[in-house]
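# I'd like to go over a predicted model; first the sequence, then the structure.
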Amino acid sequence: MEAKQLSVFIENREGRLEDVLKVLKDNNINILSLSLADTSEYGLLRLIVNNPEVGKNALQEKGFSTMLTDVLVIRIDHKVGQLHELVYKLSKNNINLEYMYGLNVENKDASLVLKTSDINKAREILIKNGVQIVTASDIEKM
Amino acid sequence: MWNELVECMSREDLKKLQSERLIATVERVYNNVEHYRKKMDAIGLKPSDIKSVDDLVKLPYTTKADLRETYPFGLFAVPQKKIVRIHASSGTTGKATVVGYTKKDIDTWSECVARCFAMAGVTDEDIIQIAYGYGLFTGGLGAHNGAEKLGATVVPMSTGNTTKLINMMKDFNATALACTPSYLLHIAEILEGNGDLDKIKLKIAICGAEPWTEQMRMKMEKTLNIKAYDIYGLSEIMGPGVACDCEYHLGLHVNEDHFIPEIIDPKTLKPAKEGEIGELVFTTITKEGLPLIRYRTRDLTSICYDKCKCGRTQARLSKFVGRSDDMLIIRGVNVFPGQVEDALAKLEEVSMHYMMIVDRVGTLDTLEIQVEVDERFFSDEIKSLEALTKKIGHTIQQALGLSAKIKLVEPKTLERSMGKAVHVIDKRKL
């Protein structure tokens, strides 16, 4: 099953990020990776957590605007040039990268979170090129 | 004084004139405007029941709702062919308020504005810049025609290019200016900042379309070394020129030979006691295209019928204290929260929870509309959120004729209320 990312809309006010993280803490949610994108008016918090459904419901109950998005979490060799190759393969096949951030670097592996313009096509291409796809159940166990 | 005969007419002669004209007007609307005939028949009123101004109270009221119901031309008392001008202003919801004029109405209007400008000291020797918006708004063309009738040298600046306005003010040695009070404030600030205050020959400013305080007027007079006057009007009644203040600033003289003013209690709809503050109502007694009977302006003020120091006998309106509806005036533009609601309702991605924050930054009014982000709206991509913000901004601009800053806020953060929802926070101290 596809990995799910939890996105939360946060106004640029003091304490909002803290409030989000407290909700996750109170619901025993472990964060594996996150990215905080900012505009002058608001922030968009993107999280990879071990239990996205629980996280979404808990945040919505507390009045946050959140959603779950299917993202591609992949594993590549932790070597110079690997990311370039990955992005090259995607662009050669006309796949747009909407956003991307790192998940983890461990020994010889690096994992990344990708949002693409066509998740199915992107997955196909990456698998064909020997890239490992990290599933939702893998993430749950992390 | 432009028309001394009329402006200093005795109250008895004025009443006789008003009565004659009122009778003729009621006759005309009853016979030519179905909407009014139905209204009068419903209360068993016939034109012959109106014998003088004293019978005005028998007549039904007219509101913006009547204009909305008969949109666009249902209240016109003459055939389409006789209408030579159409103007429009903001309606309480999405629909504009449409008004029409015959050739004679345009002349009457020019005469009224000419009187007002003359009252402010403008003569045919003056060079006057008209800095009200030209177009559907009655301000620009109304002020223009009045000034032209007066014989002044008219420069049709409109709004939108302050640099040009100031350059021409200096180059042409302009002596008079017609614009909104907040625009005058803005121009004064720029002139002061540029060190241009001693390079201009401005003597007179005639400001209207939005309320301003006595303090603000005196501050402008001092800063610019000019005389500033207050002009009043509304498109439904005519446009600018319905009333204006004289050099004594003791209230706005109403052109009573064309418009009969009344003050009513907005709750009971009965006439207020003399001198009491209430809602201003006008009956047009010379307009041919769109004569209106007892039109409720929603402006709150009082009337004084004593002869003024200037010699004029025309009734004076005191400084307006507010409105009996939810209309706002932002940068000289009439805005109803209903228009915002109507515009947002057309966008499916947006929730109906919004808040309008009105403020004044420096000299110009600002409008911010906060909209809650809810499930329909939320996207995990910033570019989608930005695109939607832009779309909302564009929709609002089209609906209001005014640009607003759109701010996305978290769900359930805007005030919810049990009764009538509060949708406006006005931070300005006028």
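Received the coordinates, thanks.
# Which single residue of chain A ends up nearest chain B?
A:Ser7 (3.9 Å; Cβ to the nearest Cβ). C-beta coordinates here come from the backbone N, C-alpha and C atoms, glycine included.
# what helix or strand is that residue on?
With secondary structure defined by DSSP states H and E, A:Ser7 is part of strand A:3-11.
# what residue ranges in the chain score low on pLDDT?
As the question left the chain open, I've gone with chain A. Within chain A, no range satisfies pLDDT under 70.
# sorry, should have said chain B
Across chain B, the ranges flagged by pLDDT under 70 are B:376, B:417-420, B:430.
# Residue numbers of chain A in contact with chain B?
Along chain A, the residues adjacent to chain B under the rule Cβ under 8 Å from any Cβ of the partner chain are A:5, A:7, A:9-11, A:16, A:37, A:39, A:41-42, A:44, A:46, A:63-67, A:69, A:98-99, A:115.
# circling back: against A:Val71, how distant is the nearest residue to the residue of chain A closest to chain B once chain neighbours are set aside?
If the residues on either side of it in the chain are set aside, A:Ser7 comes closest to B:Asp380, at 3.9 Å by Cβ to Cβ, 6 or more residues apart in numbering or on different chains. For B:Asp380, the distance to A:Val71 under the criterion Cβ to Cβ, to the nearest Å works out to 9 Å.
# overlap in contacts of those two?
Both B:Asp380 and A:Val71 are in contact with A:5, A:115, where contact means Cβ atoms under 8 Å, 6 or more residues apart in numbering or on different chains.
# Walk me through the domains of the chain.
Reading this off chain A. Residue ranges for the domains of chain A, per automatic domain parsing: A:3-69, A:71-141.
# ah, I was thinking of chain B
By the assignment in automatic domain parsing, chain B contains the domains B:1-325, B:330-426.
# what are the ranges of the helices in chain A?
A:16-26, A:52-61, A:82-92, A:119-128, A:136-141 (DSSP state H).
# Just send the ones you listed back as JSON lines, with mean neighbour count too.
Listed next are the helices of chain A as JSON lines, based on neighbours: other Cβ atoms under 10 Å in any protein chain shown:
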{"stretch": "helix A:16-26", "mean neighbour count": "15"}
{"stretch": "helix A:52-61", "mean neighbour count": "17"}
{"stretch": "helix A:82-92", "mean neighbour count": "14"}
{"stretch": "helix A:119-128", "mean neighbour count": "16"}
{"stretch": "helix A:136-141", "mean neighbour count": "13"}
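# Show me the one of those helices that comes nearest A:Glu106.
For these, proximity to A:Glu106 was assessed by Cβ to Cβ; helix A:136-141 is nearest, at 13.1 Å.
# Restricting to C-alpha, output that closest one in CSV.
C-alpha atoms of helix A:136-141 as CSV (Å, rounded to 0.1, in the frame of the first residue of the first chain):
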residue,chain,number,x,y,z
ALA,A,136,3.1,2.0,4.3
SER,A,137,3.6,-1.2,6.3
ASP,A,138,7.4,-0.7,6.2
ILE,A,139,6.9,2.8,7.6
GLU,A,140,4.6,1.5,10.3
LYS,A,141,7.4,-0.7,11.5
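# Just give me how far that helix sits from the chain centre.
Taking the mean C-alpha point of helix A:136-141 and that of its whole chain, the gap between them comes to 13 Å (Cα atoms, centre = their mean, to the nearest Å).
# For that helix, report the contacting residues that lie outside it.
By Cβ under 8 Å, 6+ apart, the residues outside helix A:136-141 that reach it are A:1-4, A:32, A:48, A:50-52, A:73.
# Tell me how far the longest strand along chain A lies from the chain's centre.
Criterion DSSP state E: the longest strand present in chain A is strand A:66-77. Here strand A:66-77 shows a centroid-to-chain-centroid distance of 4 Å under the convention Cα atoms, centre = their mean.
# Between helix A:119-128 and it, find me the angle.
Angle of strand A:66-77 versus helix A:119-128, following axes from the mean of the first three to the mean of the last three Cα atoms, to 10 degrees, is 20 degrees.
# which SS state does B:Gly121 fall under?
Of the three states, B:Gly121 takes coil under DSSP: H, G, I helix; E, B strand; the rest coil.
# related to what we said a few turns ago, which positions in the longest strand of chain A come out as buried?
For strand A:66-77, a neighbour-count test (16 or more other Cβ atoms under 10 Å in any protein chain shown) marks A:66-67, A:69, A:71-76 as buried.
# Over to stretch B:264-280?
B:264, B:266, B:272, B:277-280.
# What about those, which are in strands?
Assignment to strands by DSSP E places the following of the buried residues of stretch B:264-280 there: B:264, B:278-280.
# ok, these vs chain A, which is closest?
B:Glu279 (40.3 Å).
# Surely that closest one touches B:Lys267?
No. Contact criterion Cβ atoms under 8 Å: B:Glu279 and B:Lys267 do not qualify, at 9.4 Å.
# Show me the strands in the stretch 251-400 of chain B, by range?
Using DSSP state E, counting those that start in this stretch, the strands of the stretch 251-400 of chain B run over residues B:252-254, B:259-264, B:278-284, B:295-301, B:303-304, B:316-317, B:322-323, B:328-330, B:333-335, B:354-361, B:364-372.
# do you know which of these lies nearest B:His423?
Per Cβ to Cβ, nearest to B:His423 of the strands of the stretch 251-400 of chain B: strand B:354-361, 5.9 Å.
# any idea of the angle the closest one forms with strand B:364-372?
With the same axes, to 10 degrees applied, the angle from strand B:354-361 to strand B:364-372 works out at 160 degrees.
# Which residue of chain B lies farthest from its centroid?
Computed with Cα atoms, centre = their mean, the maximum C-alpha offset from the centroid of chain B is found at B:Asp380, amounting to 44.5 Å.
# from what I can see B:Ser52 touches B:Ser19, true?
Yes. Counting by Cβ under 8 Å, B:Ser19 is a contact partner of B:Ser52 at 4.1 Å.
# center of chain B - which residue?
For chain B, the residue sitting closest to the mean C-alpha position, by Cα atoms, centre = their mean, is B:Leu234 at 3.9 Å.
# excluding its backbone neighbours, what's nearest that residue?
Nearest one to B:Leu234, counting by Cβ to Cβ, 6+ apart, is B:Thr297 at 6.0 Å.
# Good, wrapping up.
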